[in-house]
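Colleague: Predicted model and sequence below, questions to follow.
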Amino acid sequence: MSLDELTFEQAYRTFAIRLRAVAFEVLGDPDAAEDAVHAALMRVWSTRAYRPERGALLPFLTSCVWREAIDSLRGSQRRHERELRAVSETPVAVDETAAIDPVEARRVKRALEALPSAHRDIVERAYYDQRTLAEIARETSLPLGTVKSRLSAALRRLHSAFGEMR
């Protein structure tokens, strides 16, 4: 099977169980394993990294997911270490007088309004309502992968929009 023969969704349906097992073996958490699989597949499809002449698709994806899981695990460990250091240090005073720049606020509002409503809803729930992606999936009755894909697409569009506004 070549990358061109498969859509992202087909590959996910075909290989997800095996790939989640690989990620779970490294991470020990089903949600983190799902995130690793999704991130790895998104990276493979967005960069068109797979080359059929170098081998079969499943071993390639397995390797990508394993590396993603390892990276995730290392990132979690580094975050945990930073949090431990931060707790042991003297607390920093928060500047309660800091104001939000109204020009930037308008730019963000315009960029959000330009998003399709389904994408905007995910961004608002995640960033303004401080919901996790799993919570958003439950609230909207959407699959977690769909929520992640919509958020990823929305963030790419916002990044492009902010680049154009400068």
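Modeller: The structure has been received and is ready for your questions.

Colleague: Mind listing what's buried along the worst-scoring helix or strand of the chain on mean pLDDT?
Modeller: Taking mean pLDDT, DSSP states H and E as the measure, helix 102-113 is the helix or strand of the chain with the lowest mean score, a mean of 82. Residues of helix 102-113 classed as buried by neighbour count (16 or more other CB atoms under 10 Å): 108, 111-112. (Each C-beta comes from the backbone N, C-alpha and C, glycine too.)

Colleague: same check, this time on stretch 134-150
Modeller: For stretch 134-150, by 16+ other CB under 10 Å, it's 136-137, 140, 142, 144-145, 147-150.

Colleague: pLDDT at residue 89, what is it?
Modeller: Per-residue confidence at residue 89 stands at 64 (pLDDT).

Colleague: for residue 13, same thing?
Modeller: Reported pLDDT at residue 13 in the predicted model: 84.

Colleague: Give me the distance between it and residue 143.
Modeller: Distance from residue 13 to residue 143, counting by CB to CB, to the nearest Å: 11 Å.

Colleague: Report the buried residues of the helix or strand hosting residue 64.
Modeller: Using DSSP states H and E, residue 64 maps to helix 57-88. Within helix 57-88, the residues scored as buried using 16+ other CB under 10 Å are 57, 60-62, 64-66, 68-69, 72-73.

Colleague: list the helices and strands that helix packs on?
Modeller: Packing partners of helix 57-88 (3 or more CB pairs under 8 Å, 6 or more residues apart in numbering; DSSP states H and E): helix 8-27, helix 30-47.

Colleague: Which of those has the highest mean neighbour count?
Modeller: Ranked by mean neighbour count, these are led by helix 30-47 with a mean of 19 (mean count of other CB atoms under 10 Å).

Colleague: Right, I'll leave it there.
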